[in-house]
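Q: 3D, please:
(3 chains)
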Amino acid sequence: MKEKKNQTQTDASLEKKDVSGPPDLELKSMVTTRRNFLKATGFSMAAFLASCSRAPVEKAIPFLIQPEEVIPGKAYWYASTSHSCPSGCGVLVKNRDGRPIKIEGNPEHPVSQGGVCPVCQAGILGLYDSKRLFHPMKNEKKSSWENIDNAIAGDINKAISEKKDIVLLTGTITSPSTREYIQRFLNKYKNSFHYEYDPVSYSAILDAHKINYGERILPGYKFDKADLIISFEADFLGTWISPVQFTKDYRKNRDVSSNSISEHIQIESRLTITGSKADRRVVLDPEEIKGLIFNIYQALTGRSKDHIALEFAEKLIHNKGKSLVISGINDVEIQVMINRINHHLNNTGKTLDLNNPSLQFKGDDNSIEKLFSKLENGKVGILMIHNVNPVYELPNGENFAALMKNIDTTISFSSIMDESTEKCSYACPEPHYLESWSDDEFNSGIISMTQPVIKMFKDNRSFRHSLAVWSGSEKSDLELIRDYWKTGYKIRNRGNESFNLWWDKLVHDGYTILKSVEKTHGPFTDGKIISNTKIPARLTLSAYPSVQLLDGRNSGNPWLQELPDPITKTTWDNFASVSFEKAAELDLKNGDVVKISSGENHVELPVHLQAGQHNNIIAVALGYGRKGTERFFDTGPKWIQRKQSSDKNSYVGKNISPFLKIFKNTLRYSAIPVTIEKTGKTYNLAYTQTYNSLVNPENTAPATMKVRPFVQETEFVEYKKDPSSGSHTIHKLQSMWKEDHPYKDHHWAMAIDLSACTGCSACVVSCQVENNIPVVGRDEVYRRREMHWLRIDRYYSGESSDVDVSFQPMLCQHCDNAPCEPVCPVLATVHSSEGLSQQIYNRCVGTRFCANNCPYKVRRFNWFEYAKKDNLENMILNPDVTVRSRGVMEKCSMCIQRIQEVKIESKANGVKIKDGDIKLACEQSCPADAIVFGDLNDPESRISRLSKDPRHYHVLEELNIRPAIGYMTNIRNREKIKRKKDHG
Amino acid sequence: MDKLFGKQLKYISLIILVLGVVLIISNSNYHIPSNNEGYQPEQPIKFSHQVHAGELKISCLYCHFGAEKSRHAGIPALSICMNCHKFVSASSDSLNLEEIQAEKEGRDIKTVISPEIAKIYTALGYDEQLQPSGEASKPVEWIKIHNLADYVFFSHQAHNNAGVNCNECHGEIETMEQVRQVSDLSMGWCLDCHREAGENFDTAPERTKLLSDCSTCHY
Amino acid sequence: MAENVLAIRENLVIGEKSLSNVTDDVLGIMERKPTGLWWFGLFLSVSALTLGIISIVYQIRTGIGTWGLNKTVGWAFDITNFVFWVGIGHAGTLISAILFLFRQKWRTSINRSAEAMTIFAVMCAGIFPIIHMGRPWLAYWVFPYPNFRGPLWINFRSPLAWDVFAIGTYFIISAVFWYIGMLPDLATVRDRTKNKIKKWIFTILSFGWNGSFRTWHRYETAYGLLAGLATPLVVSVHTIVSFDFATSSIPGWHTTTFPPYFVAGAVFSGFAMVLTLMIITRKTLRLEEYITKKHIENMTKVIILTGGIVTLSYATEFFIAWYSGNGYEQFVFLNRALGPFSWAYWIMISINLIVPQFFWFKKLRRNLVLVFILSIVINVGMWFERFVIIVTSLHRDYLPSSWAMYKPSLVEIGTLIGSFGLFFTLFLLFIRFMPIISIGEIKSILSFKGSYGGKK
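A: Numbering: from 1, shown residues only, chains lettered A, B, ... in the order given. Prediction:
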């Protein structure tokens, strides 16, 4: 098979000419870079005299052939689709001088609707990961595609001749063309099988729909159409199926200016960000939840006496056809009950759509059993693993590895060396999605396009292309996709324009809507009777995907490892979170190491005391302790008292998936009985927030101020009566001094809606990508020196289990009478004529008085030289933002580079800046549209309207420092409950 | 008497010494470290702005088109040089000389390629007949002359569209055989314009006088 | 200017010293070989100094991160040491300038070594504003020098800029005042010494002092003028140092009582350090007759006064917090007394409140061992006072989400020990190579009973 050049003529024109050349060109390390030269001259005044010589010579190297659309210094955008997580949001990728530096949601894309989650924001760093596999490997030795293809062809023939099976083990295949080529591969080789499973499995929902509707369907949930949402253990704003799309839809029906908003009831065992936004939150352990669902169904059909169930049933009947009941527990019986409830309330078709369902997760858990039985009887000749890591993810991962030994050919397509690839004889690494072609249908009818925005770094090849080559085709990846769609588009396309025109429009827009091709589902049948067996309360483990690492596929990403968990505020490690009562009972404190065991599985994890968690469960995050995180053992600066993130070749966190179990042919993540015992050792978790409430500590609470008035909360009913309810501002501040900031031209300001913010931290990572914020490592975070310019403060109020949570994104407030400005001795921070507090990095000498004087403590200091020396990873740096050196203060600059860019552009075109032209990195990425930035001098701007809204208030208004960041009162849809430690 | 003379001698020698030092410093090209005024390095190709911009009056934006749309004015790619030099392979007088020579020797005219223009062809990997000669093409590594510190954000687009003429900062480029940095590009020098920008920049829409915010150039 | 002896008042110099006795006693120290104790003291302080230098160089090479600071507590040991050392300096200026203007005769035997202590303390203090900067190689930007950047001056509204001028003036004036005061004695050393090099050095140092009437007359006027100039410094320098905190908006710092509170605290810890040094030097250099118990007693009386002012300030802070009804202020002081750093607060309160009360009793004032121990304890208390003000107000201020704890790092402790090392090294060298008591002034207060001979 002649190895074809990866890209055909059609995309030659799109050939991205790399100004900076292939990444393995080591940037010539100048003998004296100008920065060191100037630092040296600054240091020794003697050099002042001896410096008649010039600064070192710098070269300007232009293109050879000037590509059409590339102007050095000007960003250009490509539409693509993110593959960092299985939800598949449509994104726009910003390219600067040949390399992608920022991902933003594609506003028109129906899934992302402009927002993206933190995992997708950080996904771009995966492209510049020097630990990626760039070449095909045979027994861990680099080789070329030619030898690999010949060898595998030989193995396939051998397997056929020995009547051995060929097994394809993949995650959910969302690309129609890949599904087609898998089908062709299966048809070509009779004894080949394709098993799909998902590390975070939703197969119970699919199996339940098979029982109730005859088809394995994952319904498309429409949260914007639901006036009542009852969610059982489904974190749909954080990690469940497609959080960004659900957050966008959920917000549409919670606009407090309309006369009614949706009511959201969350019944869960551990505190999730969805639970913290719920209007009513009931804490039950997974078995009790199953009982409650059963009772609600009984209550709906008038046969139950449980008062909570009756209350919920009455609410549901009241919202017939406008309510949505969902559950995140991977138990077929529960899902069947949920289907029955939704059918009974005839929600199906209105708030959950079976005709164009979601295709994001089609994994089938009992295919795992089939796979193991096939492996055990030793008939498998070839095993191919794509997009999953069975050795790490499956409960019986160890014996899967053992079984892999007696398969002669094992091929892994993973792009990083993970547990499964390590044991494979061949590695055919896939490229990063930003350097590859792909067509995906995450939701039926919506085709999302992925196009390469940069030339493939080295020698990767996509799974589809490899499969096609092994089934005899000689086409390139792009041709394969185009061939599929040349026929596919006619069947599903309503219009009749030419293929090329349709194709170019698809590539340009990034998505297109086509007729859904899903088979119509059968009528509803009740399915078999389910008994409600009572199980005595016992201590159980529940493993959950965390907001930042999901199932662990991105655990090699330092930004996600350092992203503080929205609820626990921990970074870099997973832990066993235990409720306060259970901890008191077992006499555990934060940081004690406990040994959790179930059967012969043991794991040692530090304890984290968690409010709002049920006493009978221990929650542990999935996705930790994965191969590829041993590179972080020495992240962070080196100095004598430094403790390494983890010892030499151990991983960050511990893997909890051995504890999972397959029960009634679905993968169970919760209700796993475990025992827990103290080990006496301690392990300090790296928290970014250690005090979690606005109530002063008992012994030092002054009489006049029990609770600090920074978060204003009220109920929707109260808000409707009096729009400024819940506000603390007693009187308008008069100032003795005249206004010393005239703001003739612009007056930039921001408003953050606390009702909208779900705490998902997409803004934190988006800000980190945009502004070159360094990763500091576990030890520095533990010493409270993390560098994020934007942190989300999470405050609890109320008793330990029945707890209210409020998120407050806290960033530089750009105050008019800024306390940080008069105290800087060298004028490194001054107020701009447009309302921004400027931080001038090159002028700062680092006395840190400004940080001490800031009441919000939002200034960050470069304690060490945090900038990394890895040339490939430094390609992600945004050229418009200075990379700060050691000893320099930094803070949120209100994305001044974006403001300046739009100002220069509008001045060049002679147009005025309209509201919404400037979108800050955090504002753009927020899935809940909680952040609004604009010009107060422009009366029609959203920010002017919001600042006049009675809900609008400032934190620490009474200090008369006049912050430019306003917050909107958090409004919950429930009756007014007087709580003992209320901070309303 | 000699005592008096001794004291006077001391004072006189002191004054001479001070004067000497001042004279030496003032006219030697002594500058503080970050000031590159008068920097005129040897470029890989002896490109003459005097010929292109002065005599042929090619507009600055033809080659440095970045100045209109981006912060970098940019140095033209060789493909832009080839727009003309695909046909012009030597200066006109050396062509006339060849014509006379060819006539004298009675042979037809050889294609004359001036050594500097030949550098473009070799850089692009072409041979004499402008066909790909098989060797790898290698971009020309020009020496950067006007070089601001990393922490300064200077946008040609902003200045170009505000009606600032190129030679206000780059001096009489069209008269230079070899480009030389005319102004010291120091912060004080920039602020001279930025502070009173409002008064005499008529083409700038809205206001321009408040350009002395630090974040105009530092972020 | 003989002075008739009153029975009721003790003589300031006991033992019927004659003029030549005074010169022999004071300059004899310089001519004798240094004792083993001196070498041991020097060894200790130089090793502490090298530890300090290593810590500082390591910190400047690696980054401020080698200290235990974080984003909430931006200052701790660095500014505590700075305020502590500047505070100690103030007693020297008070003794030599203010007591001179008040014609307090008892100051004559201790004023030069106190003034030397001021200079060494300010030198120790001067290190910290430079090494606490993130980029110390650009520390010269804090001075308003003309430049090519437009010109870009400094921020004259910043207390740190005022610090630069205040500490700079303070160092220059106390150095000049100390040096001018020493001129007659340097000349005496020049005339007495046989050793060639020493004579050459002291000839240069004594500025051609010839002891004529005209020189003495100019010396007296200069000394009086400088004393007048140095007097406001005692108050102004520590007021500006207290402005580093008073002009901020952090509860616990932002109080108007800070200037007098800090000045009183400075004199309080300054006199304690003078006592510590004087009790040791009078014993080892056999100067008991010049630095008598009367001097020690007078100094302890000043400590009672300033200790009282400092305690009053603590009480005022609590009262104002309660009286203002401002929740944040009240919380800061409750947190100081009962919060995580309450151990440091109670050390501070118990020392600064209780120790001065010992000195109400004459017997205790005269018990030198007790006074020596208490003087060291006072300085420990005063160091903790600055530590408590800085760290407890920072670590829990407005937003509870940024509350954080602070733990010093080894490098910080090394720097603190280093600053003490520098101070004692300089003081030991001063004792060895300079006349530590101003002979001229002592001679002016000698009491004579008719005979000029005195003991041989």
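Q: burial of the residue of the stretch 251-400 of chain C found nearest chain A, as a residue count?
A: When you check the stretch 251-400 of chain C against chain A by C-beta to the nearest C-beta, the closest residue turns out to be residue C:327, at 2.4 Å. (Glycine included, C-beta is placed from N, CA and C.) The number of residues packed near residue C:327 is 21, by other C-beta atoms under 10 Å in any protein chain shown.
Q: do residue A:475 as well
A: Neighbours of residue A:475 (other C-beta under 10 Å): 15.
Q: likewise residue A:833?
A: If you count neighbours by other C-beta under 10 Å, residue A:833 ends up with 20.
Q: hmm, residue A:740 and it touching each other?
A: No. Using C-beta atoms under 8 Å, residue A:833 is not in contact with residue A:740, being 11.4 Å away.
Q: what about the helices in the stretch 151-300 of chain C?
A: Assignment of helices within the stretch 151-300 of chain C using DSSP state H, counting those that start in this stretch yields the ranges C:159-192, C:196-205, C:213-246, C:258-284, C:293-324.
Q: let's have these in JSON lines, adding distance to residue A:323, mean pLDDT and mean neighbour count.
A: JSON lines is the format used below for those (distance: least, C-beta to C-beta, whole Å; pLDDT from 0 to 100; neighbours: other C-beta atoms under 10 Å in any protein chain shown):
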{"stretch": "helix C:159-192", "distance to residue A:323": "61", "mean pLDDT": "93", "mean neighbour count": "19"}
{"stretch": "helix C:196-205", "distance to residue A:323": "95", "mean pLDDT": "92", "mean neighbour count": "14"}
{"stretch": "helix C:213-246", "distance to residue A:323": "58", "mean pLDDT": "93", "mean neighbour count": "18"}
{"stretch": "helix C:258-284", "distance to residue A:323": "62", "mean pLDDT": "94", "mean neighbour count": "24"}
{"stretch": "helix C:293-324", "distance to residue A:323": "53", "mean pLDDT": "93", "mean neighbour count": "18"}
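Q: columns distance to chain B on top of the ones you listed, output as TSV?
A: Compiled in TSV, these are given as follows (distance: least, C-beta to the nearest C-beta, whole Å):
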stretch	distance to chain B
helix C:159-192	18
helix C:196-205	19
helix C:213-246	22
helix C:258-284	31
helix C:293-324	37
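Q: nearest to residue A:217, of the ones you listed?
A: When these are compared by C-beta to C-beta, helix C:293-324 sits nearest residue A:217, at 65.0 Å.
Q: and the closest one, what does it pack onto?
A: Packing contacts for helix C:293-324, counted by 3 or more C-beta pairs under 8 Å, 6 or more residues apart in numbering or on different chains; DSSP states H and E, involve helix C:258-284, helix C:327-338, helix C:342-358, helix C:362-366, helix C:368-387.
Q: contact partners for the residue nearest the centre of chain B?
A: When chain B is reduced to its mean C-alpha position, the closest residue under C-alpha atoms, centre = their mean turns out to be residue B:179, at 3.5 Å. When contacts are counted by C-beta atoms under 8 Å, 6 or more residues apart in numbering or on different chains, residue B:179 is found next to B:40, B:43, B:49, B:145, B:170, B:173.
Q: can you tell me how far it is from chain C?
A: Relative to chain C, residue B:179 is positioned 23 Å away (criterion: C-beta to the nearest C-beta, to the nearest Å).
Q: what of residue B:115?
A: Counting by C-beta to the nearest C-beta, the gap from residue B:115 to chain C is 41 Å.
Q: please tell me how far that residue sits from chain A.
A: Here the distance between residue B:115 and chain A works out to 20 Å (C-beta to the nearest C-beta).
Q: give me every residue that touches that residue.
A: Remark: with contacts taken as C-beta under 8 Å, 6+ apart, residue B:115 is in contact with nothing.
Q: 10 Å - rerun?
A: Shown here is residue B:115, whose contacts under the criterion C-beta atoms under 10 Å, 6 or more residues apart in numbering or on different chains are B:45-46, B:90.
Q: just want the residue of the stretch 501-650 of chain A that's nearest chain C.
A: residue A:639 (5.1 Å).
Q: ok, residue C:319 - contacts?
A: The contact partners of residue C:319, taken as C-beta under 10 Å, 6+ apart, are residue C:333.
Q: need the contact list for the residue lying closest to residue A:206 once chain neighbours are set aside.
A: For residue A:206, the nearest residue in space outside its immediate sequence neighbours is residue A:216; the separation is 4.1 Å by C-beta to C-beta, 6 or more residues apart in numbering or on different chains. Each residue near residue A:216 by C-beta under 10 Å, 6+ apart is listed here: A:203, A:205-210, A:357, A:362, A:364, A:521.
Q: among the residues you listed, who's most crowded?
A: For the contacts of residue A:216, the largest number of neighbours (other C-beta under 10 Å) sits with residue A:205, at 29 neighbours.
Q: next, it: secondary structure please.
A: helix (DSSP: H, G, I helix; E, B strand; the rest coil).
Q: for the closest residue to it other than its chain neighbours, pull up the helix or strand it's in.
A: Using C-beta to C-beta, 6+ apart and skipping residues adjacent in sequence, the residue nearest residue A:205 is residue A:335, 5.1 Å away. Using DSSP states H and E, the element containing residue A:335 is helix A:332-344.
Q: mind listing what's buried in that helix?
A: A:332-344 (16 or more other C-beta atoms under 10 Å in any protein chain shown).
Q: ok, residues contacting stretch A:484-503?
A: Applying C-beta under 10 Å, 6+ apart, the set of residues contacting stretch A:484-503 from outside is A:10, A:175-181, A:439, A:441, A:445, A:447, A:449, A:464, A:479, A:481-482, A:504-506, A:512-517.
Q: fine by me, we can end here.
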